[in-house]
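Asker: Give me a model of this one.
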Amino acid sequence: MLDPSRYAVFVLAALALLAIPGPAVVYVVAQSLDQGRRAGILSVLGVHVGSLVHVFAAAVGLSQLLVSSATAYTVVKYAGAAYLIVIGARRLLVREKDPVTAAPAVPRAPGRLFRQGVIVNVLNPKTALFFLALLPQFVDVDRGSVPLQILALGITFVLLGLVTDSIWALGAGALGGAVRRSARGLRVERLVSGSVFLTLGAVTALSGRPEPRRS
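Answerer: Sure, this is the predicted structure:
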């Protein structure tokens with residue numbers, strides 16, 4: 001169905017794009033530093049389930065609606081921004097305990113970590129725009145169903161993202177052990193991660209809607 005040479009170019013382009021840290025990577029790294037590698041991997045799984053939602057939406061044309069409808073775009077944009085800001089504010093307002101005298105932190109429930117990852121990516125309209133802009137560039141209308149080709153390309157991107165983001169999660173989780181044993185490290189991690197989430201929320205809220213293409 002997919003042209004092999006075009007598919008190979010897509011894989012290389014996807015890997016190049018995934019190598020550049022974005023909001024999803026920042027979220028995964030923050031969770032890994034705070035809760036460890038297991039939390040990071042669960043966050044990765046949630047983020048990419050959210051990505052699959054956008055892939056299916058792109059395949060059936062819902063992403064085009066999101067781009068062309070100012071109301072739909074605005075609702076999703078502000079919902080995603082509010083969620084990121086809430087996460088950031090909670091990180092900044094929670095005071096870290098002395099790592100020597102404090103009891104071990106209670107891990108977040110796996111379901112909660114997973115759901116947060118899904119919500120973060122589903123409520124990111126730029127993910128929808130990304131798939132809408134990238135996937136059609138590698139579709140060949142002469143090689144069968146366009147929606148199926150978009151679906152195949154999108155799933156490929158998600159699988160590659162699972163690998164690259166898991167590497168970030170494992171690396172940050174290993175570093176997080178040292179951070180969590182240091183009072184100063186905990187303070188810095190809390191301030192940095194909280195500020196990052198607030199910044200991502202603000203950037204999402206202030207971002208404009210791209211004009212739909214005209215034929």
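Asker: In space, what's closest to the most centrally placed residue in the chain - neighbours in sequence excluded?
Answerer: Residue closest to the average C-alpha location in the chain (Cα atoms, centre = their mean): A24, at 2.7 Å. Of all residues beyond its chain neighbours, the one nearest A24 is V47 (4.8 Å), with distances taken as Cβ to Cβ, 6 or more residues apart in numbering. Quick note: C-beta positions are derived from backbone N, CA and C, even for glycine.
Asker: what's the weakest-modelled helix or strand in the chain?
Answerer: For the chain, the helix or strand with the lowest mean confidence is helix 62-68, at a mean of 64 (criterion: mean pLDDT, DSSP states H and E).
Asker: Helix or strand next in line after it, which one?
Answerer: For helix 62-68, the succeeding helix or strand toward the C-terminus, using DSSP states H and E, is helix 70-93.
Asker: then that following helix to CSV, C-alphas only?
Answerer: Listed in CSV are the C-alpha atoms of helix 70-93, where the atom choice follows Å, rounded to 0.1, in the frame of the first residue of the first chain:
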residue,chain,number,x,y,z
ALA,A,70,-12.0,28.6,15.2
THR,A,71,-14.4,27.5,17.9
ALA,A,72,-13.2,23.9,18.0
TYR,A,73,-9.6,25.0,18.0
THR,A,74,-10.1,27.5,20.8
VAL,A,75,-11.9,25.1,23.1
VAL,A,76,-9.2,22.4,22.8
LYS,A,77,-6.4,24.9,23.0
TYR,A,78,-7.7,26.5,26.3
ALA,A,79,-8.6,23.1,27.8
GLY,A,80,-5.1,21.9,27.2
ALA,A,81,-3.5,25.1,28.4
ALA,A,82,-5.6,25.0,31.6
TYR,A,83,-4.6,21.4,32.3
LEU,A,84,-0.9,22.2,31.9
ILE,A,85,-1.1,25.2,34.1
VAL,A,86,-2.9,23.3,36.9
ILE,A,87,-0.2,20.6,36.8
GLY,A,88,2.5,23.3,37.0
ALA,A,89,0.8,25.2,39.8
ARG,A,90,0.5,22.0,41.9
ARG,A,91,4.2,21.3,41.4
LEU,A,92,5.1,24.8,42.6
LEU,A,93,2.8,24.8,45.6
